[in-house]
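A.B. asks: Here is a sequence together with a model predicted from it:
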Number of protein chains: 4
Amino acid sequence: MPTILGQNQYGKAENRVVKITRDGDTHHIKDLNVSVALSGDMDDVHYSGSNANVLPTDTTKNTVFAFAKEHGIESAEQFGIHLARHFVSSQEPIHRARIRIEEYSWERIATSDGNSRFIGADEVRHSFARKGMETRVSQITYDGDNWEVISGLKDLTVMNSTNSEFWGYVKDKYTTLKEAYDRILATDVSARWRYNWTSDEQRMPNWEKSYEQARKHMLQAFAETYSLSLQQTLYQMGSRIINSRSEIDEIRFSLPNNHHFLVDLEPFGLKNDNEVYFAADRPYGLIEATVLRDGVEPKIPVDMTNL
Amino acid sequence: MPTILGQNQYGKAENRVVKITRDGDTHHIKDLNVSVALSGDMDDVHYSGSNANVLPTDTTKNTVFAFAKEHGIESAEQFGIHLARHFVSSQEPIHRARIRIEEYSWERIATSDGNSRFIGADEVRHSFARKGMETRVSQITYDGDNWEVISGLKDLTVMNSTNSEFWGYVKDKYTTLKEAYDRILATDVSARWRYNWTSDEQRMPNWEKSYEQARKHMLQAFAETYSLSLQQTLYQMGSRIINSRSEIDEIRFSLPNNHHFLVDLEPFGLKNDNEVYFAADRPYGLIEATVLRDGVEPKIPVDMTNL
Amino acid sequence: MPTILGQNQYGKAENRVVKITRDGDTHHIKDLNVSVALSGDMDDVHYSGSNANVLPTDTTKNTVFAFAKEHGIESAEQFGIHLARHFVSSQEPIHRARIRIEEYSWERIATSDGNSRFIGADEVRHSFARKGMETRVSQITYDGDNWEVISGLKDLTVMNSTNSEFWGYVKDKYTTLKEAYDRILATDVSARWRYNWTSDEQRMPNWEKSYEQARKHMLQAFAETYSLSLQQTLYQMGSRIINSRSEIDEIRFSLPNNHHFLVDLEPFGLKNDNEVYFAADRPYGLIEATVLRDGVEPKIPVDMTNL
Amino acid sequence: MPTILGQNQYGKAENRVVKITRDGDTHHIKDLNVSVALSGDMDDVHYSGSNANVLPTDTTKNTVFAFAKEHGIESAEQFGIHLARHFVSSQEPIHRARIRIEEYSWERIATSDGNSRFIGADEVRHSFARKGMETRVSQITYDGDNWEVISGLKDLTVMNSTNSEFWGYVKDKYTTLKEAYDRILATDVSARWRYNWTSDEQRMPNWEKSYEQARKHMLQAFAETYSLSLQQTLYQMGSRIINSRSEIDEIRFSLPNNHHFLVDLEPFGLKNDNEVYFAADRPYGLIEATVLRDGVEPKIPVDMTNL
């Protein structure tokens, strides 16, 4: 046979599970999008179509919803760990499970109002509005021995309206760009960080706190860096996380440079003193890099953008 | 000639203008997407291709950016009023201008941190993150005499995790739905409200405050209504605004019913006590209605969804 | 009560129904996205939450799927007529039904191959690939007496690489655009045409043939018009349809001007002889107009873009 | 320093270049979306913000447009090869260039019409409509010595309306799926194949012909395989390409299982004889695998879906 099968994986993607937890009249939401990918002894299903080793993707979907009841959803990471362990330990042909989770956050609708004439306004504890555009993400992989947890976020749009320059670059025959000494720096942060928790023997991180702190440090580094290049800002964002969070060893960023071009108003007799910008769509700069704890081997895939 | 020209309009759509205002080291952002549509004496350009009456769409784009400098952007509505007045009053063939604006909101990145070892953390006043998924919208129309201002928002996703029922409905031969006495009610609010300010003789509303208050009342009504149908909730949201804001006479909603189906866990020996839901994509219910101040003639177009 | 209810409608949106018809081994597909909107005696459900007049949106969904079996899907229009008639005639409180349908087209995968060593290649009559980016649309409205059928298409992207000019336009203080004597003209056609079939007494159009012919005439007019403005091209597209199809009385277009800017290559010592273009995203010109049979009253809503 | 820089790359993404070639009155289009990613000696720009080694992303954009004039666009792959070679060979700090290209295809608008009364209808050779939903993709990587070319396509939606079964699978406590003996099999093909051309010493493939043939073989294998699982179909699609095209050594697929569920019409007294289906959105099965020429080392990244 001249062709052979290489790496393969399968499962049900984008299971949209919402879990409501009731603490008296106060409700709590977890809103996840869970994707399952299983690998193992799967040659036959590819070569002959025999499904004898195949747990149906429909079953992996059912398991997601059943586990939301059986284990609850303490955090996306903990939920993924339950699922990955289950598939690898309960199905002999399954040697590896990878669970990807997107989490959407909600905030309570403020209803209490001292001047309100609406009865019970401050009693409402079951009403929510979706919060923010960003999505929290996590990927949990388990092979029966070791864990790999990569978490992060995407679509967090940020802007510095000053403290950004760009000059001193290479100029070749195709270079027309003028140097900038005060520009807008804006990006949609996509970040993935890898935890050094890899074994059930280790103490597990506090996933919720770790996420909140990593996000906070990253945002503060973005805001507080006087930037000579988006690469420099990226490195500051990454090293701030590595330096602040001992449970994280590696982080990779994919940062589009969302160009805001100063509009030329001179034809209309107006001076544009860094006031009026055109927010461009495409093309955009794209800056990608990994920041690592010294001595650590990088494991996050280089290409977070689709191949 | 057997065919004739009917209503027509033209202009530059989706001009993405960002305005930075500097108050010392404290910066302020306005981030708009402005679309211009002009109508008037435009038969020739359609029949013969003569552009003698046509102000280029490129010029309407330039005007948007120039006006951001000349007039600033106090509010989306005020900015649209400047633009609409300009086109109608400065171009004889233009009899009507319609300005549509989307506004994206930003919030400051919190950098102050009592325990921070990063110098100047609490001095950063030029760093922002995009806030929320919702988009504020406004449409300003001017015909040289009268103004029509319709404002609102879209993509504001909200959920009540209880206090919603649905029963007592018509049952025909195609009805299989079971009655529900405690369900999730979730929707993506798309709302447009019309102001009764129509003339330069009237006192203009405070557009920013009016938006904030209308949004607040609408959200509170959503949260505080014990709902027997999404239609009932819609009406409460609308009447709360009309009753609370005298400057608004009419509001139209388009509310998808974002179904959250209780997952049947019985096959797995589990009881689902209103805990685990599947968030469905399509199909969805779609509830649309206008709520009016009594005695007022409705003017907001019925079809907010695309034809 | 200071507020009242205005126009309202409800139903299940985006029911994705696929119908396979088997003619021996040769299969045929109809792939529709059907949205139902019902209006009528619905005050109570808004004011008090009483659902006594409400046929559930879930039932309207079931009806769509049941009718695909009971009536088949001869055309989107005919299918919509069956549905609209059913809701209005079978439910006393329903006075008006509006059915919107998107149709996705498929073409057969070519498998016959004279040199093929694969057995049965030319016997495969059940394999399809999605065809084209455009979507056929239709809206059928019925009030118990009269029909209104508006059909058309969206997202049909077309380009003329020459035979387009733009000059002789108005120049004001904000005008910087240079006249163009040979430019690319490109747009994404969104068109809606209204049929003059309004009553069961009239002979019904052949919906499939009418669509194919209207589309063909529109495309030919786009290709064959030497254009001095996109407005002129739009009018030619519309009048070609009105003149060629007696069953159509009115057509409305929404045509973005998809700008292709000639790239300035002079800084690199190169001459750009109408060869290399930058395809821009935003902003874009937006040209909208109605073309009518003389003497006919326009009925297609002016705003096909979302409010 | 406790943190270090790992893999990094930068460049201008999504340069939308359209090239018109005029052969008398007959025009030809190439419509590409080109993304540049450069790597090399870039530590300083990350650590200190020094741009001394940085060719601006703006310059990489200019180069794309200039090269469309200087070299033309014979094929996406050939164009990418010109660009990658240029960046690596002309900039000492650049050690590796990766060019990603999306190509959108167009077809001519048929204007000739024997019965046409429109003059010159069959003379129009400059009018085009966008063809198909699928996008052709290519990634060209060069490190100064070796080439890697990975091509393919995405968003090619296909369906078999019969000749698909799914049964004989593992059943655990979470399994509720019923076996299927005649189901719809539908997917959106995302495929990437790697060429064994790696050196300027080798004869370069005919990129256009190779793409057309690989696509044809893949589609035929999809249509002609009697499928017991989507994995089996995937493997047949891959091996058909490897067996038919000696220039291709490896192919990876990401195939969502676009579920079409047979609608239960029994509550309405109707029998659904594989006729009426509900096309679901989420969740969906996701089947991913690599097919290789025997003896070849796999190099296409496993994760084509975003991390």
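C.D. replies: On my side now, so go ahead.

A.B. asks: Which single residue in the stretch 1-150 of chain A comes nearest to chain B?
C.D. replies: With Cβ to the nearest Cβ as the measure, A:Ser127 is the residue of the stretch 1-150 of chain A nearest to chain B, at 3.4 Å. Using the backbone N, CA and C atoms, a C-beta is placed for each residue, glycine as well.

A.B. asks: Pretty sure that residue sits against A:Thr111.
C.D. replies: Yes. Counting by Cβ atoms under 8 Å, A:Thr111 is a contact partner of A:Ser127 at 6.8 Å.

A.B. asks: Overlap of the contact sets of the two?
C.D. replies: Each of B:223-224 lies in contact with both A:Ser127 and A:Thr111 under the rule Cβ atoms under 8 Å, 6 or more residues apart in numbering or on different chains.

A.B. asks: Which of those two has more residues huddled nearby?
C.D. replies: Looking at A:Ser127 and A:Thr111 with other Cβ atoms under 10 Å in any protein chain shown, you find the greater number of neighbours at A:Ser127, namely 24 against 21.

A.B. asks: in the sheet, who's paired with the residue of the stretch 1-150 of chain A closest to chain B?
C.D. replies: According to DSSP bridges, the partner residues bridging A:Ser127 are B:Asn160.

A.B. asks: Up against chain C, what does the stretch 101-250 of chain A have?
C.D. replies: Of all the residues in the stretch 101-250 of chain A, those in contact range of chain C (Cβ under 8 Å from any Cβ of the partner chain) are A:173-174, A:176.

A.B. asks: Could you report the neighbour count for A:His71?
C.D. replies: Applying other Cβ under 10 Å, we find 14 other residues in the vicinity of A:His71.

A.B. asks: Is any residue of the longest helix along chain A near chain B?
C.D. replies: Looking only at chain A and at elements set by DSSP state H, the helix with the highest residue count is helix A:207-224. Yes. Helix A:207-224 reaches chain B (Cβ under 8 Å from any Cβ) through A:216, A:219-220, A:222-224.

A.B. asks: ok and the residue in chain A nearest chain C?
C.D. replies: Scanning chain A for the residue nearest chain C gives A:Asp281, at 4.1 Å (criterion: Cβ to the nearest Cβ).

A.B. asks: Let me see the backbone angles for that residue.
C.D. replies: Comment: the main-chain dihedrals of A:Asp281 come out as phi -90, psi -70, following degrees, to the nearest 10.

A.B. asks: Is there a neighbour count for it? I'd like the number.
C.D. replies: With other Cβ under 10 Å as criterion, A:Asp281 counts 15.

A.B. asks: correct me, but it touches C:Ala279?
C.D. replies: No. A:Asp281 is beyond contact range of C:Ala279, at 11.1 Å (criterion: Cβ under 8 Å).

A.B. asks: quick check, the host helix or strand of A:Phe278 touching chain C?
C.D. replies: Assignment of secondary structure by DSSP states H and E places A:Phe278 within strand A:276-279. No. Applying Cβ under 8 Å from any Cβ, one finds that strand A:276-279 is not in contact with chain C, the shortest distance being 8.9 Å.

A.B. asks: Mind giving me the packing neighbours of the next helix or strand after that strand?
C.D. replies: Using DSSP H and E, the helix or strand that follows strand A:276-279 towards the C-terminus is strand A:284-293. Contacts of strand A:284-293 with other secondary structure elements, assessed using 3 or more Cβ pairs under 8 Å, 6 or more residues apart in numbering or on different chains; DSSP states H and E, are made with helix A:230-244, strand A:248-257, strand D:3-13, strand D:26-40.

A.B. asks: Any chance of these in CSV with mean neighbour count as columns?
C.D. replies: Rendered in CSV, the data for the helices and strands packed on strand A:284-293 read as follows (neighbours: other Cβ atoms under 10 Å in any protein chain shown):
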stretch, mean neighbour count
helix A:230-244, 24
strand A:248-257, 25
strand D:3-13, 22
strand D:26-40, 22
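
A.B. asks: that older thread, out of the residues of helix A:207-224 next to chain B, who has the most neighbours?
C.D. replies: Using other Cβ under 10 Å as the neighbour test, those are led by A:Phe222, with 27 neighbours.

A.B. asks: isn't it right up against A:Met237?
C.D. replies: Yes. The pair formed by A:Phe222 and A:Met237 meets the contact definition of Cβ under 8 Å, at 5.7 Å.

A.B. asks: Between the two, which contacts overlap?
C.D. replies: A:Val189.

A.B. asks: need the residues of the stretch 101-250 of chain A near chain D, please.
C.D. replies: Within the stretch 101-250 of chain A, the positions lying close to chain D (Cβ under 8 Å from any Cβ) are A:139, A:150, A:166-172, A:174-177, A:192, A:227-229, A:231-232, A:234-235, A:238-239, A:242-243, A:250.

A.B. asks: If we use 6 Å, what do you get?
C.D. replies: Counting by Cβ under 6 Å from any Cβ of the partner chain, the residues of the stretch 101-250 of chain A lying close to chain D are A:168-170, A:174-175, A:177, A:192, A:228-229, A:231-232, A:235, A:239, A:242.

A.B. asks: Now flag whichever of those is closest to chain D.
C.D. replies: A:Leu228 (2.9 Å).

A.B. asks: Leaving out chain neighbours, which residue sits closest to that closest one?
C.D. replies: Among residues not flanking A:Leu228 along the chain, D:Gly49 sits closest, at 2.9 Å (Cβ to Cβ, 6 or more residues apart in numbering or on different chains).

A.B. asks: pretty sure A:Gly295 belongs to a strand, no?
C.D. replies: No. Inclusion of A:Gly295 in a strand is not indicated when DSSP: H, G, I helix; E, B strand; the rest coil is applied; the result is coil.

A.B. asks: which one is A:Lys173 nearest to, not counting chain neighbours?
C.D. replies: Of all residues beyond its chain neighbours, the one nearest A:Lys173 is C:Phe268 (6.4 Å), with distances taken as Cβ to Cβ, 6+ apart.

A.B. asks: Surely the residue of the stretch 1-150 of chain A closest to chain B and B:Asn160 touch.
C.D. replies: Yes. Using Cβ atoms under 6 Å, A:Ser127 is in contact with B:Asn160, at 5.2 Å.

A.B. asks: can you tell me the helix or strand for the residue sitting nearest the centre point of chain A?
C.D. replies: Within chain A, the residue whose C-alpha comes closest to the C-alpha centroid is A:Leu153; the distance, by Cα atoms, centre = their mean, is 2.4 Å. When elements are defined using DSSP H and E, A:Leu153 is found to belong to strand A:147-160.

A.B. asks: buried ones in that strand?
C.D. replies: Of all the residues in strand A:147-160, those buried under the rule 16 or more other Cβ atoms under 10 Å in any protein chain shown are A:147-154, A:156-160.

A.B. asks: hang on, the earlier thing: report all helices and strands that the strand holding A:Phe278 contacts.
C.D. replies: Using 3 or more Cβ pairs under 6 Å, 6 or more residues apart in numbering or on different chains; DSSP states H and E as the contact definition, the elements that strand A:276-279 packs against are strand A:260-262, strand B:15-23, helix B:57-70.

A.B. asks: so who does A:Ala68 touch?
C.D. replies: With contacts taken as Cβ atoms under 6 Å, 6 or more residues apart in numbering or on different chains, A:Ala68 has the following neighbours: A:17, A:19, B:276.

A.B. asks: per-residue confidence for the first one?
C.D. replies: Among the per-residue scores, A:Val17 holds a pLDDT of 98.

A.B. asks: What residues are recorded as beta-bridge partners of it?
C.D. replies: Note on A:Val17: beta-bridge partners by DSSP bridges are A:Leu32, B:Phe278.

A.B. asks: quick revisit: so the residue of chain A closest to chain C sits right up against C:Pro283, yeah?
C.D. replies: No. With the criterion set as Cβ under 6 Å, A:Asp281 and C:Pro283 do not qualify as a contacting pair; they are 9.9 Å apart.
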